[in-house]
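**Student:** build the 3D model from these lines:
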Amino acid sequence: MHCAKPDNSLFSWRGFIVCRKLSTDVSMSNLALKGSILMHNEWVIGLVVFVGPNTKFIVPKPRVKKGIADQNFTKSIWCLVPLILIGSMIVAICRIVFLIRNQDLFMYITQIEK
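**Tutor:** Residues are numbered from 1 along each chain as shown. Here you go, the predicted structure:
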């Protein structure tokens, strides 16, 4: 048997079988995938193809491409989160400075000394 090498495409496969100087093409329509049940047959000739780590189900799939909108949204999030954190730190520091400079205006926020 001669067949195509494993690749990422699950729905295409080509090969041919040579037996006593006779050859016949085989394709996906001739394959029974794992878990298939053959019924109502008196006999079946079988051949195992692609066993092990090189099977089409185990070969890594290509990465899914993201759309332009997804890429822009991801970039925006990575830019906005640090800006929000920096802005909240600036507001917190300004609040502390304001409370320290204007303690006399806020008498109800006094520390009780013992």
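**Student:** where are the low-confidence patches of this protein?
**Tutor:** Applying pLDDT under 70 to the chain flags residues 6, 8, 10, 50-62, 106-114.
**Student:** which residues of it fall in helices?
**Tutor:** Using DSSP state H, the helices found in the chain span residues 68-101.
**Student:** okay, now the domains of it?
**Tutor:** Annotated domains of the chain cover 1-62, 68-105 [automatic domain parsing].
**Student:** now render the ones you listed as JSON lines, adding mean neighbour count.
**Tutor:** Using the backbone N, CA and C atoms, a C-beta is placed for each residue, glycine as well. Shown next, in JSON lines, are these (neighbours: other CB atoms under 10 Å):
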{"stretch": "domain 1-62", "mean neighbour count": "10"}
{"stretch": "domain 68-105", "mean neighbour count": "10"}
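**Student:** contact partners for Lys66?
**Tutor:** Lys66 makes contact with Thr74, according to CB atoms under 8 Å, 6 or more residues apart in numbering.
**Student:** distance of it relative to Asp25?
**Tutor:** 39 Å (CB to CB, to the nearest Å).
**Student:** start to end distance for stretch 26-41?
**Tutor:** Start and end residues of stretch 26-41 are separated by 20 Å (CA to CA, to the nearest Å).
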